[in-house]
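Asks: coordinates for the following, if possible.
(4 chains)
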Protein chains: 4
Amino acid sequence: MTALDGLDGFGVEVPSWAYGNSGTRFKVFTQPGVPRNPYEKIADAAQVHRLTGLAPRVSLHIPWDAVDDWSDLREHASKLGVRLGAINSNLFQEDDYKLGSLCHPDPAVRDHAVRHHLRCIEIMRETGSTDLKIWLPDGLNYPGQDSLRGRQDRLAESLRRIYHALGDDQRILLEYKFFEPYFYSMDIPDWGTSLLHCLALGEKATVVLDTGHHAPGTNIEFIVMQLLRQGRLGAFDFNSRFYADDDLIVGAADPFQLFRIMSEIVAAGAHLPSSGVNFMLDQCHNIEEKIPAQIRSVLNVEQALAKALLIDQEALATAQREGDVLAANEILMAAYETDVRAALADRREARGLPRDPVKAFKASGYASSVAAERVGGTQAGWGA
Amino acid sequence: MTALDGLDGFGVEVPSWAYGNSGTRFKVFTQPGVPRNPYEKIADAAQVHRLTGLAPRVSLHIPWDAVDDWSDLREHASKLGVRLGAINSNLFQEDDYKLGSLCHPDPAVRDHAVRHHLRCIEIMRETGSTDLKIWLPDGLNYPGQDSLRGRQDRLAESLRRIYHALGDDQRILLEYKFFEPYFYSMDIPDWGTSLLHCLALGEKATVVLDTGHHAPGTNIEFIVMQLLRQGRLGAFDFNSRFYADDDLIVGAADPFQLFRIMSEIVAAGAHLPSSGVNFMLDQCHNIEEKIPAQIRSVLNVEQALAKALLIDQEALATAQREGDVLAANEILMAAYETDVRAALADRREARGLPRDPVKAFKASGYASSVAAERVGGTQAGWGA
Amino acid sequence: MTALDGLDGFGVEVPSWAYGNSGTRFKVFTQPGVPRNPYEKIADAAQVHRLTGLAPRVSLHIPWDAVDDWSDLREHASKLGVRLGAINSNLFQEDDYKLGSLCHPDPAVRDHAVRHHLRCIEIMRETGSTDLKIWLPDGLNYPGQDSLRGRQDRLAESLRRIYHALGDDQRILLEYKFFEPYFYSMDIPDWGTSLLHCLALGEKATVVLDTGHHAPGTNIEFIVMQLLRQGRLGAFDFNSRFYADDDLIVGAADPFQLFRIMSEIVAAGAHLPSSGVNFMLDQCHNIEEKIPAQIRSVLNVEQALAKALLIDQEALATAQREGDVLAANEILMAAYETDVRAALADRREARGLPRDPVKAFKASGYASSVAAERVGGTQAGWGA
Amino acid sequence: MTALDGLDGFGVEVPSWAYGNSGTRFKVFTQPGVPRNPYEKIADAAQVHRLTGLAPRVSLHIPWDAVDDWSDLREHASKLGVRLGAINSNLFQEDDYKLGSLCHPDPAVRDHAVRHHLRCIEIMRETGSTDLKIWLPDGLNYPGQDSLRGRQDRLAESLRRIYHALGDDQRILLEYKFFEPYFYSMDIPDWGTSLLHCLALGEKATVVLDTGHHAPGTNIEFIVMQLLRQGRLGAFDFNSRFYADDDLIVGAADPFQLFRIMSEIVAAGAHLPSSGVNFMLDQCHNIEEKIPAQIRSVLNVEQALAKALLIDQEALATAQREGDVLAANEILMAAYETDVRAALADRREARGLPRDPVKAFKASGYASSVAAERVGGTQAGWGA
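Replies: Below is the predicted model of the structure:
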């Protein structure tokens, strides 16, 4: 299947925080061997890349992953075969942020949040990261709590200050989210709002699409298409959800949706490294083992992309032009129904990678080895 | 309450099709006295204005409301005390439109749909209408059925042709809708897509927000604020919904949401006639009497606006600035909880209008009179 | 794959109304060759069975499918290789039913609706049908419109009268629906309400689960499991939906959900004819050709069942017992990812059926032949 | 307004955990003066009752609120003018419960969870509580993770053991929840499942309805009506939500829905103490002050009940019987639109309570007094 050559060069950036403990507001269940610092997180992430060849970069979250010597961390990653990726600015774990960060009514709090980004941009210079990812958790719980409009204006001003600090090869990835951690209104609730701020900022601002951040029933591949059409799709946060922002393994809840998303990606050639779209995971493995869950996740993305590459584009275009609804749909479904698992295992084998990366991970003894090693200290956590 | 002076000059445009029969895909229940032509529809609409003073204009739907002599229809309206309002272009009732209109894969169909709009623009010159309202019912039922991206490009081109035909005092109102009559994807599914097309077209293109056209849980007043902030909120289609595009009487399902919407309107001064926002109804009275239902609707909008005008803006701004969540919310709720019915009845009385317009309509004998008169012919219908 | 022997004896009942024209409240698009009467509908349905071996029965809708001579219709079906299936009582197309049928405030309307069911039961005796399927379209559009509780009590009484008229080998299939054609409240909105009425009636009353009749996010396979556990799952209405009751081809919107549903079916042995579960379609082919769409539908159900039969139940049970979340999920996904299309084509071939039934239908010339024949008369319609 | 006499004897049970810190999975913001133990929580709850006369009982959560000397805690409450209410069993904060509690695949974990309830029942004997409230947080994150059916069977058995330990004057309140903390499936996801378990257990098992635990678009008052009709509505957990289980102040998101719920309550006489329905709050005050938020909450419930008591039931029944949709709706809305704030303030004054309880609380100095006192120790938390 030469169509699968389209997988060459495709990679998924993995998040450092996926290897730490995570949970719901009700409970965080801990796991043995969970990393205690950025070095250990990167070591875990490197396992995913070692076994799949699909995860060449690791996103960092600041201040969670802040270290004193960035070149040392960079070298550590390099030795393990991975690179440092996007820098995520944390805007939700300081007490000052109770009523918002970049949108806060108090200019002092906004200034504090802006300066956190300036620091992130400095870190990017040291890590060689090009992407500053901003997920704005700001929002309101009660109608009337603050001025919706006033918050937009403050946000625009805060973003402007951050944008102006960007270097030439740096960009902002601006994320939107439908609800949570606030419930009445988020300050960037939808792709339209994110895009408007990006347009106001300039060409170095693009939108991040997290697959779990939409209202029920939203056609996500439509948004992917629209952002690509505008040249403003900067990155994905992949995961899956049944109802809210569940942050489950990508492809676990609706594999057909993932395939449809990847089909829009392929139709626009956006799976090619030259497209500049950063494919990332943003997941929480609350009850399952974290490293195998990340392995499964990158394999699921690859599988969906592989199927999308198998679509007979010519036949599809013909059926669409002729208005043959059933034929066009069947052409799409034929690609989706194809079992690509063996072909992908062959591909891995040909590259010196294990046919079954999850099995290989289990056989490697890595999990028990780190469980024994990483005793004492504080386990890193999503939210810690 | 001098705050209620803000109601002066406020009006709601009513749709000609609300007076015809309507229903669901399962059944259209007919009612006695339903109008059989545009003249009779306008006569019914004029009743709403006569009794409330709130409905000075009637929207038309083309070709449903096409007549040979437009100046005659205009004069008819004028004699009854109302004016002709927005022209709505119907894109869903021709067999050619099965797979779309302005987005259709076949250029001949697109051309046909574009030319329908050119005709509508000519009609606008004759009726004196300034607003061309386009609700695009185009969409897909099955993944793969057509190219999502190709359809956007065709849409952009079709809209460009229409836009260029506009006169200086004419504008496009471009509506979006989450789902229905297609289910997999609509071609203008959200405000972001509508706005992008408007931005590409130019300043005479603005967005229509139909309160029933969103995913569940969407914060509609946020969108109102955002479109006002962009200077692109052209019009409302008011109605209410519990789940889908139910097209029930505005304020019937969630009166607090209507109040929050009107609060954003008031905060931006957009209730004033100078704002250029066209407040319209788009409803279907499937089981209730149509004229009283329209009367109730315009009264509900007025009531929500009245309450929004009562918000103590100064106290609200203070509480917001101080981050007093409970106080700010309570100030908003105090306006909402106020019973404004008597004050609005007083206002009507002072203007020579009935205190209880629904009661006055029932007492007028209009319903039985038209039921007797309008025998024979074909009742007009929404969808007929 | 001997697991696929579990497909033996499995069949899907097809609805007579799927072959007629259907649409949305906006427009019904007509198609050439659409049947004009029950005889022609059954002829079309027989094509589906002839080419797939999967559709041995045809559901009828009364009064749409009422004929004078039932034994003649029965013989007609028999000659074409199919049987008459469930009788569906239509409660939504009489003017009397504007405010309800079995729940209507007026006892005369309720009586009328009950007597319609008594007639349906008589028809069942003549057609040999055992299943009386009741989808109650009753509901309210406005809060306060009627007493929610009063309507339940009236419904219980109406159902009791119908239940008592059932013969020993007859049963009621009671359907529920979340919304539509009423929007504020349906009188049987959920499986809990349907089941409560069935429990009150007796053992010959069971629940129908229509896959499109739930709130967004509902876990449908959970309900399948629960109803099977209670011994009260009488039938399925298969279709698929993206948002509302879209009535699209089953498996078109979320094939993984269909697989999960069939997995619960297999886990309970409910795919076997002895289970008494009636697997039916309830779909509307608004824009696609109807017979090929029905063929695709029964093939999709068979495909999902085939995959469910491939689940390694023993390994799954072990992983579940051991709490190995990832392993258990992977065992399920391995069955889902298997491409069963070739195996199912082989199976068809071995039974003298075409490998590709849709292609065979197109090659058969049936469509053009009926398009030529069925000129004049009124095309049957869903809702006609 | 003598209709408001229906408020006599009406009270709302407040939860001990509402006074502790709470938050989302992202962050728990702490507040000064938050209680550090059950004694301090009860002291805070007593403030609500002191100022409103509406909150005579406090629910406890075990083990959060476990003390050594229950009669001492009982007396402490009594001195402060309140009583101990329902006992809530916590099933989500032990590491053993990662894959479930009463449904866990391992019988040892199930037994541990059952024994926790037996301990709760003993506590009830000491506190004089009659209600054992069980919210089962069990569920699955991934399809295939465990057997949906097996879990129901285990749950039934676990509940049976608990039920048999109940005293004559004790009952189970069994709660359902749509999603969270698990995302693929909850083990009691809907009222139907909860009711089926109650029916299997016996008459001392009833359903708890939490207003935030439903799919979007669910008609909650219908469920209230149905459970009352079955005689199985045991309790409410009031709160409000815009999208998920937001746990905001009841009446803050959709006051009209709260009114509709209370209207069903009034229609069935279930607001009277004799009905046995336990009206409770279950809320999290993440960003607002906790005691005033609880005061506002009980006032909101009272306000909705007061409006429901004002419905002209006779006129409503007539309009409903006559099928006058608009009139019936208007009668309901007339009660809703009535501003009852002054009448309720009068009522409070007549009983020696402050007209404005929130203002009175602020004036009391209680907040600053406890902030000064409660220094050191660990603040109690929801989830702590």
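Asks: surely A:Phe178 and A:Ser185 touch.
Replies: No - counting by C-beta atoms under 8 Å, A:Phe178 stays clear of A:Ser185, with 10.3 Å between them. From N, CA and C alone the C-beta is placed, and that goes for glycine too.
Asks: how about the strands of the stretch 51-200 of chain A, start to end?
Replies: A:57-62, A:83-89, A:131-135, A:139-140, A:171-175, A:185-186 (DSSP state E, counting those that start in this stretch).
Asks: wait, is A:Met280 part of a helix?
Replies: No - using DSSP: H, G, I helix; E, B strand; the rest coil, the assignment for A:Met280 is strand, not a helix.
Asks: how about the residues of the stretch 151-300 of chain A near chain B?
Replies: With the criterion set to C-beta under 8 Å from any C-beta of the partner chain, the stretch 151-300 of chain A comes near chain B through A:152-153, A:178-179, A:184-185, A:189-193, A:195-196, A:214-219, A:221-222, A:225-226, A:228-230, A:256, A:260, A:264, A:267-268.
Asks: in chain A, which spans are helices?
Replies: Assigned by DSSP state H, the helices in chain A fall at A:38-52, A:70-79, A:107-127, A:148-164, A:191-201, A:220-229, A:255-267, A:290-309, A:313-321, A:325-337, A:341-350, A:357-364, A:366-373.
Asks: dump those helices into TSV; add distance to chain C as well.
Replies: Listed next are these as TSV, based on distance: least, C-beta to the nearest C-beta, whole Å:
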stretch	distance to chain C
helix A:38-52	14
helix A:70-79	26
helix A:107-127	31
helix A:148-164	26
helix A:191-201	18
helix A:220-229	11
helix A:255-267	6
helix A:290-309	5
helix A:313-321	12
helix A:325-337	4
helix A:341-350	6
helix A:357-364	7
helix A:366-373	12
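Asks: dump those to a markdown table, plus mean pLDDT and mean neighbour count.
Replies: Shown next, in a markdown table, are the helices of chain A (pLDDT from 0 to 100; neighbours: other C-beta atoms under 10 Å in any protein chain shown):
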| stretch | mean pLDDT | mean neighbour count |
| --- | --- | --- |
| helix A:38-52 | 98 | 23 |
| helix A:70-79 | 98 | 16 |
| helix A:107-127 | 98 | 17 |
| helix A:148-164 | 98 | 19 |
| helix A:191-201 | 98 | 22 |
| helix A:220-229 | 98 | 23 |
| helix A:255-267 | 98 | 24 |
| helix A:290-309 | 98 | 24 |
| helix A:313-321 | 98 | 17 |
| helix A:325-337 | 98 | 22 |
| helix A:341-350 | 98 | 15 |
| helix A:357-364 | 98 | 17 |
| helix A:366-373 | 97 | 14 |
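Asks: mind putting those helices into a markdown table with distance to C:Phe236?
Replies: A markdown table is the format used below for the helices of chain A (distance: least, C-beta to C-beta, whole Å):
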| stretch | distance to C:Phe236 |
| --- | --- |
| helix A:38-52 | 40 |
| helix A:70-79 | 53 |
| helix A:107-127 | 53 |
| helix A:148-164 | 45 |
| helix A:191-201 | 36 |
| helix A:220-229 | 28 |
| helix A:255-267 | 20 |
| helix A:290-309 | 28 |
| helix A:313-321 | 30 |
| helix A:325-337 | 21 |
| helix A:341-350 | 30 |
| helix A:357-364 | 35 |
| helix A:366-373 | 43 |
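Asks: those: which one's closest to D:Arg351?
Replies: Closest approach to D:Arg351 among those (C-beta to C-beta): helix A:148-164, 39.6 Å.
Asks: what are the contacting residues of the closest one?
Replies: If you take C-beta atoms under 8 Å, 6 or more residues apart in numbering or on different chains as the criterion, helix A:148-164 is touched by A:100, A:102-105, A:110, A:113-114, A:117-118, A:121, A:132, A:134, A:136, A:138, A:140, A:172, A:174, A:185, A:187-188, A:193, A:197, A:200-202, A:204-205, B:221-222, B:225-226, B:228-229, B:264, B:267-268, B:320.
Asks: leaving out the residues flanking it, which one is nearest to the residue in the stretch 201-350 of chain A positioned nearest to chain D?
Replies: For the stretch 201-350 of chain A, the residue closest to chain D is A:Asp246, as judged by C-beta to the nearest C-beta, at 3.8 Å. Nearest in space to A:Asp246, with sequence neighbours left out and distances taken as C-beta to C-beta, 6 or more residues apart in numbering or on different chains, is D:Phe183 at 3.8 Å.
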